[in-house]
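Peer 1: I'll drop the sequence and a predicted model, then ask my questions.
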Amino acid sequence: MYRSNTCGELRATNVGQTVTLAGWVQKVRNLGAMTFIDLRDRYGITQIVVEEHSDEATKAEAAKLGRECVVQVTGKVIERESKNSKMATGDIEVVAEKINILNQAVIPPFTIEENSDGGDDLRMKYRYLDLRRPPLQRNMILRHKMAQEIRKFLDSEGFLEIETPYLIKSTPEGARDFVVPSRMNPNEFYALPQSPQTLKQLLMVSGYDRYFQIVRCFRDEDLRADRQPEFTQIDCEMSFVEQEDILEIFERWAKHMFKSVLDIDFTEPFRRMPWSEAMEKYGSDKPDLRFGMEFSDITDLAHGHNFSVFDDAEYVVGFAATGCASYTRKQIDALTDYVKRPQVGAKGLVWIRVEEGGIKSSIDKFFSAEELQAIAERLGAKAGDLCLILCGKKYKALTQLCALRLEVAEQLGLRDPKKFAPLWVVDFPMFEWDEETERFYAKHHPFTSPKPEDIDKLESDPGAVRANAYDFVCNGTEIGGGSIRIHDPKLQSLIFKCLGFTPEQAEAQFGFLINAFRYGAPPHGGLAFGFDRLCSLFGGVDSIRDFIAFPKNNAGRDVMLDGPSPIDQAQLDELYLSLIPFEK
């Protein structure tokens, strides 16, 4: 037996016991007559002391120790003279009677402590060392606990956990697939699933009316803080349900997760917000409701004042930044520079400062004080507030103003990671028009059912059709989303037609699903939650990488394993593949 106790277990009640601990050396402090060793495992740290009168062999072994050596220590638990209230084991220490060095270690490339001196790239290269640090260990423990609670709740509601395959047929509609060549089927390819969407629908056809899976998914997309090429989804599907049934059960699930993991009680129903309201009030289909600063349309008040920027704009919109009337010109210029960044894309920023003594604005030569006051009132501004206004094409201006709203909230400290504001966003558009390809694309996916009352618009006005779709949003992040699915083959064919598929193309890509529906498909629907995003939300961290054991960097590379990498010519020949020379 390597250990009788862990390094985070011993307390004052263990004083007098002889114990054996094993772990990594966090730190060695040699004070001449005495040596103190901080011994660490994933449960905590225990202080080991080698005394002046300790056995010579023990002192000799202690002298060999350096950071990250793996050691086994046997000794007696005693009460510490100078207790450390910051450590769970701070009331005791272990007087070493025997030290057994299990493995020496070279000096690590960064400090393995709460706050490391290693940069992102270095820590990702040595991820196995980074995972020893307490913040990462807490994240992995939180992820584990959340997975157990997910399974516990869904099992209690009658859901079956069923696995679906990773090697499937490519259906290029949406994000890019990762493709896998097949040696046994030359010049043919599998795809890694972007989600088990069609497979879980087939399980509903198969009669498994409540399915779930905590499953890996793969999308060949550009990366950012909350996106990885491979990620984990809590995938769920139900039969014989309507939208209300799904929202009810998964709102209870969300409340269970908040209570069991964070001890937060949500007693009131989550807010439900139509997509159109979310866009017009917050400029986003994933609004952050931890703070106010709602948008108002001021187009009617802005037009007709010989200010061409407004007069030529389709839409003029703004919000009142609470308490920001004290912003200096330099701070306002910084906000203007922010909205002009390529990532935001606005041409400029109009402001109105509302003060006790009057009103000032960057456009006061075009608008009277009364007219500016009317705009400020429309925006809900009070004395001490700063009105910020953008204009242009409607949804472009709204999206740009959303970025500004979040930036101002960040400056004001309103985005508290320990505060949560969950909601459902509902009634999404069924389709999105793409100017480049001049065709409609599914807002969610091609199997989403339209609102029954909008079906008659599918051929006459597809852009006005709303979907039976819903997203679960919290703190400005889409945590999950889903829809009621189409189970009528005729309606599915009509949707494919709206999306520009010929019957032959639809059959080639989705024939297996269309055919399955001919054998009696139940009404069904479901949703999927981003497990990594949910973990980062609960952990109060923006990046999902901190909750994935071995993530990729922003270029999609595994810098620890150095992948992706070239493969041997023999492997290429086996797969009937030849490479096109690539010049960087």
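Peer 2: Received the coordinates, thanks.
Peer 1: how about the nearest residue to residue 8 once chain neighbours are set aside, what does it touch?
Peer 2: Spatially, and ignoring its direct neighbours in sequence, residue 8 is nearest to residue 44 (2.3 Å; CB to CB, 6 or more residues apart in numbering). Just so you know, the C-beta spots here come from the backbone N, C-alpha and C atoms, and that holds for glycine as well. Counting by CB atoms under 8 Å, 6 or more residues apart in numbering, residue 44 touches 6, 7, 8, 9, 87, 88, 89.
Peer 1: domains of this protein?
Peer 2: By the assignment in automatic domain parsing, the chain contains the domains 12-103, 138-272+423-547, 291-415.
Peer 1: that older thread, so which of the contacts of residue 44 wins on neighbours?
Peer 2: residue 7 (26 neighbours; other CB atoms under 10 Å).
Peer 1: gap between residue 334 and residue 368?
Peer 2: Here residue 334 is placed at a distance of 29 Å from residue 368 (CB to CB, to the nearest Å).
Peer 1: now do residue 229
Peer 2: Residue 229 is 56 Å from residue 368, by CB to CB.
Peer 1: the more surrounded of the two?
Peer 2: residue 229 (18 against 11).
Peer 1: for that one, what are its contacts?
Peer 2: Residue 229 makes contacts with 178, 218, 219, 220, 221, 223, 552, 556, as judged by CB under 8 Å, 6+ apart.
Peer 1: what's the nearest residue to the fourth one if we skip its chain neighbours?
Peer 2: Closest residue in space to residue 220, ignoring its immediate chain neighbours: residue 176 at 3.8 Å, by CB to CB, 6+ apart.
Peer 1: hey, what's residue 315 bridged with?
Peer 2: residue 392 (DSSP bridges).
Peer 1: run a quick neighbour tally on it.
Peer 2: 18.
Peer 1: list phi and psi for residue 142.
Peer 2: phi -60, psi -40 (degrees, to the nearest 10).
Peer 1: for it, list the residues it contacts.
Peer 2: 261, 535, 538, 539, 547.
Peer 1: residue 325 sits in which helix or strand?
Peer 2: Taking DSSP states H and E as the definition, one finds residue 325 inside no helix or strand.
Peer 1: how about residue 319?
Peer 2: strand 315-321.
Peer 1: ok, and what's touching that strand?
Peer 2: Residues lying outside strand 315-321 but in contact with it, judged by CB under 8 Å, 6+ apart, are 283, 293-299, 301-303, 310, 327, 350, 354, 375-376, 379-382, 385-394, 397-398, 401, 405, 408, 412.
Peer 1: quick one, which of those residues are buried?
Peer 2: Buried members of those, scored by 16 or more other CB atoms under 10 Å, are 283, 293-298, 301-302, 310, 327, 350, 354, 375-376, 379-381, 385-392, 394, 397-398, 401, 405, 408.
Peer 1: now intersect the residues you listed with the helices, please.
Peer 2: Within the buried ones among the contacts of strand 315-321, residues falling in helices by DSSP state H are 301, 302, 310, 375, 376, 394, 397, 398, 401, 405, 408.
Peer 1: dump the residue contacts of residue 423.
Peer 2: 270, 271, 272, 273, 287, 289, 472, 473, 474.
Peer 1: got phi/psi on the fourth one?
Peer 2: When quoted as degrees, to the nearest 10, the phi and psi of residue 273 stand at phi -130, psi 120.
Peer 1: just the first one next, same as before
Peer 2: Here the main-chain torsion angles of residue 270 (degrees, to the nearest 10) amount to phi -70, psi 140.
Peer 1: pretty sure it contacts residue 253?
Peer 2: No - here residue 270 does not reach residue 253: they are 11.5 Å apart, not a contact under CB atoms under 8 Å.
Peer 1: with neighbour numbers in mind, choose between those two.
Peer 2: Counting neighbours by other CB under 10 Å for residue 270 and for residue 253 shows that residue 253 has the greater number, 21 against 18.
Peer 1: which element is the closest residue to that one other than its chain neighbours on?
Peer 2: Leaving aside its sequence neighbours, residue 253 sits nearest to residue 153 (CB to CB, 6+ apart; 5.4 Å). Element membership of residue 153, judged by DSSP H and E, is helix 134-156.
Peer 1: partner strands of the following helix or strand past that helix, parallel or antiparallel?
Peer 2: Scanning forward in sequence from helix 134-156 by DSSP H and E, the next helix or strand is strand 160-161. Applying DSSP bridges to the sheet, strand 160-161 is found paired with strand 210-218 (parallel).
Peer 1: for the partner strand, give me every contacting residue.
Peer 2: 147, 150-151, 154, 157-164, 166, 177-178, 192-196, 200, 203-204, 229-239, 526, 531.
Peer 1: so for that strand, mean pLDDT?
Peer 2: The average pLDDT within strand 210-218 is 97.
Peer 1: stretch 224-244 now?
Peer 2: On average, stretch 224-244 scores 92.
Peer 1: just the CA atoms of it, as PDB, please.
Peer 2: Output of stretch 224-244 as PDB, limited to C-alpha atoms (Å, rounded to 0.1, in the frame of the first residue of the first chain):
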ATOM      1  CA  ARG A 224     -12.500  31.100 -30.200                       C
ATOM      2  CA  ALA A 225     -12.700  31.000 -26.400                       C
ATOM      3  CA  ASP A 226     -15.900  29.000 -26.300                       C
ATOM      4  CA  ARG A 227     -15.300  26.800 -29.300                       C
ATOM      5  CA  GLN A 228     -13.100  23.800 -29.900                       C
ATOM      6  CA  PRO A 229     -12.900  21.400 -32.900                       C
ATOM      7  CA  GLU A 230     -14.100  18.600 -30.600                       C
ATOM      8  CA  PHE A 231     -16.500  19.400 -27.900                       C
ATOM      9  CA  THR A 232     -19.000  17.600 -25.600                       C
ATOM     10  CA  GLN A 233     -22.800  17.900 -25.900                       C
ATOM     11  CA  ILE A 234     -25.600  16.800 -23.600                       C
ATOM     12  CA  ASP A 235     -27.800  15.400 -26.400                       C
ATOM     13  CA  CYS A 236     -31.400  14.800 -25.600                       C
ATOM     14  CA  GLU A 237     -34.500  13.700 -27.600                       C
ATOM     15  CA  MET A 238     -38.200  12.900 -26.600                       C
ATOM     16  CA  SER A 239     -41.200  11.500 -28.500                       C
ATOM     17  CA  PHE A 240     -44.900  12.400 -28.200                       C
ATOM     18  CA  VAL A 241     -44.000  15.900 -26.900                       C
ATOM     19  CA  GLU A 242     -44.700  19.500 -27.800                       C
ATOM     20  CA  GLN A 243     -42.400  22.500 -27.200                       C
ATOM     21  CA  GLU A 244     -43.900  23.200 -23.800                       C
END
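Peer 1: ok now that stretch, how far from the chain's centre?
Peer 2: Centroid separation between stretch 224-244 and its chain, computed with CA atoms, centre = their mean, to the nearest Å, is 12 Å.
Peer 1: over to stretch 231-250?
Peer 2: Computed by CA atoms, centre = their mean, the chain-centroid distance of stretch 231-250 equals 19 Å.
Peer 1: one more: stretch 18-37?
Peer 2: In this view, stretch 18-37 has its centroid 40 Å away from the chain centroid, taken as CA atoms, centre = their mean.
Peer 1: ok, stretch 555-566 next?
Peer 2: 22 Å.
Peer 1: ok, residue 167 - contacts?
Peer 2: With CB under 8 Å, 6+ apart, residue 167 has these contacts: 180, 190, 191, 192.
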